[in-house]
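Trainee: Structure for the following, please:
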Amino acid sequence: MNKPTTKPHKATASDVARLAGVSKWTVSRAFTPGASISDKAREQILKIAAELGYRPNLLARSLSQKKTHIIGVVIDEMKNPHSMLMLDMVTRQLQQRGYMALLLNIGSGKNYSAVLTLADQLQVDGLLFLGTVLTDELIGVAREMHQIPLVQVCRNNDEPDIDVVNIDGLRAGKQLGELLLAQGYTRIGYMMGPETSSHHTQRLEGLQLALQEAGLTLELRLTAGVFSRERSYEVLSDYLNSHAPQQWIDALFCENDILALGALTALKEHAGNRFMAVVGFDDIDEASLSSWQLTTFSQRLDLIVNEALNRLIDGKATPGGVWSQGELRLRRSHLKP
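Mentor: The predicted structure is shown next:
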């Protein structure tokens, strides 16, 4: 007759604490990134835990602390390289703080309710909108969730319940405008993506302010409708083919780098020997390639994301800090040959 097998003892935090000569709370801190504990104590606790085969029960910890350490990350431009740069920065900084990201892709423009309901059921500790265009429906669904902080990065909004962490777009747009004016361009146009309130980025207002101070006005406003290289190419190609070269603008300020790269492609194929300056915004990786040398503006995502997570997780804000300034990236696309 086989003897009944006894279940092996499962190591607990108390076991680790007893052997390490510390409290259970110190054991918990050893497994929490960023928690206050000395390196020596953390190493000793982790060594003992490994020997015992102890693993912290994060679910139990979440229930006791009433926190899941999960942040819902809402994104609507998965094909945009700048969105991928944001997502990379967000996930890395969240992990450094001991948090996980729940990616909520709403790019199809459908199922807002289903996607955010899932986040609500998982009891995320907050929602971070990555440059997302906030529709009335999306805002309505977000408001129906439990009382959690809502933070938007890289785009302004008109909602008092959604905190905004964005660079000073007015200042940035004005800097790019002044850069073009300094090169002697007087007939300047602007290409935007979706037809949304321009103050959501303030780049256009900044450009118009620079023009106004120079005694000029905006010559042309093009709307691509989406942040798509293909659509930008089509829109500028139509403009070039429907106007005589002497009627063309001298320079084009694109709302982001994706639009700028599409515009540069159109110029290569349709402008012949005639030059038009192009500047973008975001400083995506491709902007620095020798084939483009796109002059653009970096939003310093490392600083912006850090500020956003300070507000979302710690409830601490630094209004108007260095994170809001960004940096010009001067290359060659704004310079006459």
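
Trainee: Where does the closest residue to Asn80 other than its chain neighbours sit, in terms of helix or strand?
Mentor: For Asn80, ignoring the flanking residues on the chain, the nearest one in space by C-beta to C-beta, 6 or more residues apart in numbering is Phe227 at 5.6 Å. The C-beta positions use only the backbone N, C-alpha and C, and glycine is treated the same way. Phe227 belongs to no helix or strand when assigned by DSSP states H and E.

Trainee: got a list of what Phe227 touches?
Mentor: With contact set as C-beta atoms under 8 Å, 6 or more residues apart in numbering, Phe227 has these partners: 77, 80, 193-194, 255-256, 258-259.

Trainee: Go ahead and build a PyMOL selection from the buried members of these.
Mentor: Buried members of the contacts of Phe227, identified by 16 or more other C-beta atoms under 10 Å, are gathered into one PyMOL selection as follows:
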select buried, resi 77+80+193+255+256+258+259
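
Trainee: Next, check the contacts of Phe227 against the strands and list the overlap.
Mentor: In strands, defined here by DSSP state E, there are no members of these.

Trainee: In TSV: the contacts of Phe227, plus pLDDT and distance to Leu209.
Mentor: As requested, the contacts of Phe227 are exported to TSV (pLDDT from 0 to 100; distance: C-beta to C-beta, whole Å):
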residue	pLDDT	distance to Leu209
Glu77	81	27
Asn80	86	27
Gly193	91	21
Pro194	86	22
Glu255	95	16
Asn256	95	20
Ile258	96	24
Leu259	97	21
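
Trainee: Among the contacts of Phe227, which lie within helices?
Mentor: Secondary structure from DSSP state H places 258-259 of these in helices.

Trainee: who does the one helix or strand Trp25 maps to touch, helix- and strand-wise?
Mentor: Following DSSP H and E, one finds Trp25 within helix 24-30. For helix 24-30, the contact count by 3 or more C-beta pairs under 8 Å, 6 or more residues apart in numbering; DSSP states H and E identifies helix 13-20, helix 39-52 as packing neighbours.

Trainee: Please consider this matter closed, and thank you.
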